[in-house]
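Engineer: Here is my input, please return the structure:
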Amino acid sequence: MPVHIRAALVLAALLASSAAHAQEPLDQRYRADANRLIQAALADSFAYNRLATMVDRFGNRLSGSESLERTIDWVLDEMRRDGLQNVRGEPVMVPHWVRGDESAELISPRALPLHMIGLGMSVGTPPGGITADVLVVTSFADLAAHAAEARGKIVLFDVPFTSYRETVAYRGGGASAAAKVGAVAALIRSVASASMQNPHTGSLRYDTTVARIPAAALSVEDAMMLHRIQSRGERVRVHLSMNARLLPEAQSRNVVAEIVGSERPDEVVVLGGHIDSWDVGTGAMDDGGGVVAAWEAVRLMQRLGLHPRRTVRVVAWTNEENGTRGGRGYLAAHRDQVGRHMLAMESDNGVFKPFGFRFQGSDSALAVMRQVARLLEPIGAGKMEKGDGEADVGPLIAAGVPGLGLDVDGTRYFHYHHSSADTMDKLDPRDMAECVAAMAVMAYVVADMPGTLVRETPRER
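Structural biologist: Residues are numbered from 1 along each chain as shown. Predicted coordinates:
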């Protein structure tokens, strides 16, 4: 056979093999690499131990605090020691709210210190505090029905937890609703699915058309007690003292590190969590675990020598809790690269047992992601369904980038959320390792696969 014919046949065979390989289902093509990542993630408790070091050493990390910035310095140093590329802090201005001393005390029908915590971004009370009768209501509609009784009182919303999406409305809007009917302060039953006298904080939002009044959360137990007292026809009187204040904005940073793509370095898969936390507990669950799991996912790729075609970028976003400045700042800093972001993934529901992911994007992209998710069936994390993304990747998703939120067993999350109970002991090393594996496999395959994810039309911002 002539040489040129033999060469043509060899070339045709190679092209046919390449085409067949390109059309091979992703869960078959990447099975070996996915198994390596899963095995490496489950081999030890490195991520769990690194998270424990971080939260034990630095504690909680509210925006504007020294502890947040010291944590960021440490993470940057550790990422450089890991050998990740382009490690940097990208500046972001953040609100600087300070809680100060605070207390609530039942005056009538008996003297009793109440378990309370001020809501984030609340104003403080006058220097001597506020002493007033309490009006307990069970909803915004109930407040409207008793509006004539609210003037000069402290309104307490005793609303049982149903779902976070529903119940959090009272944390966000309760103060302004109470102010509209002449209340001098607002209290809410903590947004919590369980309680052991641990009140839960979180941000409120003031309506600019009404007075800003102080607002705090009571433990579930104390809110129910005050409601019972009122229901018996007894007078409920409380003294509230809060020294909360808002200081000038402070500079913080988004933490960024990468594995630079081997063929398409300007195309990016981004994954992460938020590095800030509330100023109670240690922020182990919300969201130190999400940050460290994403970081470990990228470190494992680097350690195993898996260098995908596209760049994989881990980000620890700042100021998710009381401003979401980190997510918006990231979009502003990378706006000219948004069209080259392939996927934006975040973990912000605790690193509990993973079930899979919630996907936000086109139906055709969802079909591709379901192929990838099958690689996670060995650890029970193969679910891939339509659903909302997380707050920090929200701006990217709104700009058209496909988004993923890690879906985990949320049974206990709102037991501890935004409270002093958010500590390391609530997490399990095996669960966290499985979260690492899920994020690593998803990020690596999307960063390396030949095709791209079809986008939806960006939403109006």
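
Engineer: List the residues that contact T71.
Structural biologist: By Cβ atoms under 8 Å, 6 or more residues apart in numbering, T71 lies in contact with M54, F58, R61, I275. All C-beta spots, glycine's among them, are computed from the backbone N, C-alpha and C.

Engineer: Let me have these in TSV, adding distance to V98 and secondary structure as columns.
Structural biologist: Shown next, in TSV, are the contacts of T71 (distance: Cβ to Cβ, whole Å; DSSP: H, G, I helix; E, B strand; the rest coil):
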residue	distance to V98	secondary structure
M54	23	helix
F58	18	helix
R61	14	coil
I275	19	coil
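
Engineer: closest to Y206 among those?
Structural biologist: Among the contacts of T71, R61 lies closest to Y206 (Cβ to Cβ), at 24.2 Å.

Engineer: The closest residue in space to that closest one that isn't next to it in sequence: neighbouring residues, count only.
Structural biologist: Ranked by Cβ to Cβ, 6 or more residues apart in numbering and with sequence neighbours excluded, the top spatial neighbour of R61 is L68, at 3.9 Å. L68 has 26 neighbouring residues, counting by other Cβ atoms under 10 Å.

Engineer: about what we covered before: can you redo the contacts of T71 as CSV with distance to A257, pLDDT and neighbour count?
Structural biologist: Listed next are the contacts of T71 as CSV, based on distance: Cβ to Cβ, whole Å; pLDDT from 0 to 100; neighbours: other Cβ atoms under 10 Å:
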residue, distance to A257, pLDDT, neighbour count
M54, 15, 98, 24
F58, 18, 98, 23
R61, 18, 98, 28
I275, 12, 98, 29
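
Engineer: Pick out the most distant pair among those.
Structural biologist: F58 and I275 (10.2 Å).

Engineer: How about the contacts made by the residue nearest the centre of the chain?
Structural biologist: Nearest residue to the geometric centre of the chain (Cα atoms, centre = their mean): D348, 3.1 Å. By Cβ under 8 Å, 6+ apart, the contact list for D348 reads G273, H274, D286, D287, G290, E320, E390, A391, D392, G405, L406.

Engineer: Among those residues, which one sits closest to I379?
Structural biologist: For these, the minimum distance to I379 (Cβ to Cβ) is 12.7 Å, reached by L406.

Engineer: got a list of contacts for the helix or strand harbouring G174?
Structural biologist: G174 is part of helix 164-180 when elements are defined by DSSP states H and E. Contacts with helix 164-180, where a contact means Cβ under 8 Å, 6+ apart, come from 119, 122, 140, 143, 150, 155, 157, 159-161, 185-186, 188-189, 191, 202-207, 210-215, 217, 414, 417.

Engineer: Quick check: phi and psi at the closest residue to A144 other than its chain neighbours.
Structural biologist: Of all residues not flanking A144 in the chain, V181 sits nearest, at 7.8 Å (Cβ to Cβ, 6+ apart). V181 adopts backbone torsions of phi -110, psi 20, taken as degrees, to the nearest 10.

Engineer: Then M116?
Structural biologist: The phi/psi pair for M116 (degrees, to the nearest 10) is phi -130, psi 160.

Engineer: OK, contacts around it?
Structural biologist: M116 sits next to E102, S103, A104, L187, P199, A216, A217, L218, S219, D222, L240 when contact means Cβ under 8 Å, 6+ apart.

Engineer: Which of these are buried? Put it as a PyMOL command.
Structural biologist: Restricted to buried positions by 16 or more other Cβ atoms under 10 Å, the PyMOL selection for the contacts of M116 reads:
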select buried, resi 102+104+187+199+216+217+218+219+222+240
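
Engineer: In a markdown table: the contacts of M116, plus distance to V338, pLDDT and secondary structure.
Structural biologist: As requested, those are arranged in a markdown table below (distance: Cβ to Cβ, whole Å; pLDDT from 0 to 100; DSSP: H, G, I helix; E, B strand; the rest coil):
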| residue | distance to V338 | pLDDT | secondary structure |
| --- | --- | --- | --- |
| E102 | 42 | 98 | strand |
| S103 | 47 | 98 | strand |
| A104 | 46 | 98 | strand |
| L187 | 42 | 99 | strand |
| P199 | 40 | 98 | coil |
| A216 | 40 | 99 | strand |
| A217 | 37 | 98 | strand |
| L218 | 43 | 98 | strand |
| S219 | 43 | 98 | coil |
| D222 | 47 | 98 | helix |
| L240 | 45 | 98 | strand |
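
Engineer: Nearest to L246 among the contacts of T71?
Structural biologist: R61 (18.1 Å).

Engineer: M439 belongs to a helix, doesn't it?
Structural biologist: Yes. M439 forms part of a helix when assessed by DSSP: H, G, I helix; E, B strand; the rest coil.

Engineer: and it, how many neighbours?
Structural biologist: M439, neighbours per other Cβ under 10 Å, totals 34.

Engineer: And the strands in the stretch 1-150 of the chain?
Structural biologist: 85-98, 102-108, 112-113, 116-118, 130-137 (DSSP state E, counting those that start in this stretch).

Engineer: tell me which strands and helices the longest one is in contact with?
Structural biologist: I take that to be strand 85-98. Applying 3 or more Cβ pairs under 8 Å, 6 or more residues apart in numbering; DSSP states H and E, we find strand 85-98 packed against helix 66-82, strand 245-259, helix 325-333.

Engineer: taking the ones you listed together, which one is wrapped up most tightly?
Structural biologist: By mean neighbour count, with neighbours taken as mean count of other Cβ atoms under 10 Å, helix 325-333 ranks first of the helices and strands packed on strand 85-98 at a mean of 22.

Engineer: what are the pairing partners of the helix or strand that that helix is followed by, and which direction each?
Structural biologist: Downstream of helix 325-333, the first helix or strand assigned by DSSP H and E is strand 341-346. Strand 341-346 pairs in its sheet with strand 264-274 (parallel), strand 403-408 (parallel), by DSSP bridges.

Engineer: out of the ones you listed, deepest packed?
Structural biologist: The most buried one of the strands paired with strand 341-346 (mean count of other Cβ under 10 Å) is strand 403-408, showing a mean of 25.

Engineer: so what's P402 closest to, chain neighbours aside?
Structural biologist: G361 (3.5 Å).

Engineer: In terms of secondary structure, what does whichever strand or helix holds A294 contact?
Structural biologist: Using DSSP H and E, A294 sits in helix 289-304. Counting contacts by 3+ Cβ pairs under 8 Å, 6+ apart, helix 289-304 packs against helix 31-42, helix 46-58, helix 66-82, strand 245-259, strand 264-274, strand 310-317, strand 341-346, helix 429-448.
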